[in-house]
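Here you go, sequence then predicted model.
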Amino acid sequence: MKAVKIIAWIALIAFVVIQFFPVDYNQSETVPDTDFMLVNDVPSDIQNKLQVSCYDCHSNNTQYPWYSKVQPIAWFLEGHIKEGKAELNFNEWDSLSSRRKASKLRSIVKQIENGEMPLASYTLIHKEATFSEKEAQRVVKYMENLKDSL
Amino acid sequence: MKNLKISVIVMLLLTVSFTNAQEKEKMNHDHNHNKMMDMKGDTKAEAILSDYFSLKDALVADDSEKAVEASTKLVASLKAFDESNYTAKEQKELTDIIEDATEHAEHISKSEIAHQREHFKVLSRDITDIVAITGTKNKLYQQFCPMYDKGSAWLSTKEEVRNPYYGSRMLKCGKVQKTIH
């Protein structure tokens, strides 16, 4: 019993301590003029879908609900966001050459078609981020047309 | 006074002929350097091609792990490329192509075979565009498979067709589209 009590105390202290570790929050007030939606004529329903399903990890501005600011969840998210932005950052879209834009659009299409994006761990919490078949077809078609126009 | 005047003139003449000789030497050196470049080709470009062909062969053999190895090497040889021997316009093109190719090679090194083949398609296009600028000392064949992803090409050192997109499933499917010298 005493051992359990000690472990419980250690866990509690550890939990409190990690809350003080700094986290790099992905937040930005401004949308740069290289943003995907500013540079392209994106229909409003697709704009909305991208914001809801993609922008949290693939832009400079993540919407953080209260629980996501608690450690170790915040660390988990920080890793995802860092990786996501490195792969694709919609805010910085226009800084890419046409060649690279075409490559990114290909990847966007494939990832949505294969159901690999958005991540399952994200849609678990954000049900509205899931792509219905219709939504997937719509976004994929838009991205493919955009690629062909480059 | 007379001696001084003569000395000055002699000095001037010597200086002029000296600088003239220097320039001539410099010109000869540049000329030789360019000749060397043409004859040797671009060894760093050849290294990129060599790693690309290893990757291609791995995909032909359905060997995903070997493809990971080859693409890892390709990332390194792409990063090691030296653009400084090209014109400013070519450098800009090459930088762009290499950035794109590197991304695809990196993805290939972290994926399973179906994904690897998807990226290989665009990578092949990038490598072909690099060769269009750098040239190559070997004869290459651009080959084409009309079935994979609405038509996909790749480069090969051999004329006989071996398909990297389908591997053993359709090993010899495809045709030679053009040759590159």
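Structure received. For clarity, every value in this text was computed on a predicted model and none was experimentally measured.

going forward, measure contacts between C-alpha atoms and count neighbours the same way
OK.

which parts of the helix or strand containing residue A:100 are buried?
Applying DSSP states H and E as the criterion places residue A:100 in helix A:98-113. For helix A:98-113, a neighbour-count test (16 or more other Cα atoms under 10 Å in any protein chain shown) marks A:99-110, A:112-113 as buried.

Can you name every helix or strand that it contacts?
Using 3 or more Cα pairs under 8 Å, 6 or more residues apart in numbering or on different chains; DSSP states H and E, the elements in contact with helix A:98-113 are helix A:133-149, helix B:88-108.

Stretch B:141-150 and chain A, any residue contact?
No: Stretch B:141-150 is not in contact with chain A by Cα under 8 Å from any Cα of the partner chain; minimum separation 11.6 Å.

Now do that stretch, average pLDDT.
The pLDDT scores in stretch B:141-150 average 96.

With only the CA atoms kept, save the helix or strand where residue A:9 lies in CSV.
Here residue A:9, judged by DSSP H and E, is contained in helix A:2-18. Extracted as CSV, the C-alpha positions of helix A:2-18 are listed here (Å, rounded to 0.1, in the frame of the first residue of the first chain):
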residue,chain,number,x,y,z
LYS,A,2,2.8,2.3,0.9
ALA,A,3,4.5,1.6,-2.4
VAL,A,4,1.4,2.5,-4.3
LYS,A,5,1.1,5.8,-2.4
ILE,A,6,4.7,6.7,-3.2
ILE,A,7,4.3,6.0,-6.9
ALA,A,8,1.0,8.0,-6.9
TRP,A,9,2.8,11.0,-5.4
ILE,A,10,5.7,10.7,-7.8
ALA,A,11,3.3,10.6,-10.7
LEU,A,12,1.4,13.6,-9.5
ILE,A,13,4.6,15.6,-8.9
ALA,A,14,5.9,14.6,-12.3
PHE,A,15,2.6,15.6,-13.9
VAL,A,16,2.7,19.0,-12.3
VAL,A,17,6.4,19.5,-13.1
ILE,A,18,6.0,18.8,-16.9
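
and the helix or strand that comes right after that helix, which residues are buried?
Where DSSP H and E defines the elements, the next helix or strand beyond helix A:2-18 is helix A:36-39. Taking 16+ other Cα under 10 Å as the neighbour-count basis, helix A:36-39 is seen to contain the buried residues A:36-37.

So which residues lie in contact with the following helix or strand past helix A:36-39, not counting its own?
Proceeding N to C from helix A:36-39, the next assigned helix or strand is helix A:44-53, under DSSP H and E. Contact with helix A:44-53 is made by A:37, A:118, A:128-130, A:138-139, as judged by Cα atoms under 8 Å, 6 or more residues apart in numbering or on different chains.

for helix A:44-53, the distance to its chain's centre please.
13 Å (Cα atoms, centre = their mean, to the nearest Å).

Past that helix, which element shows up next along the chain?
Toward the C-terminus, helix A:44-53 is succeeded by helix A:73-87 as the next helix or strand (DSSP H and E).
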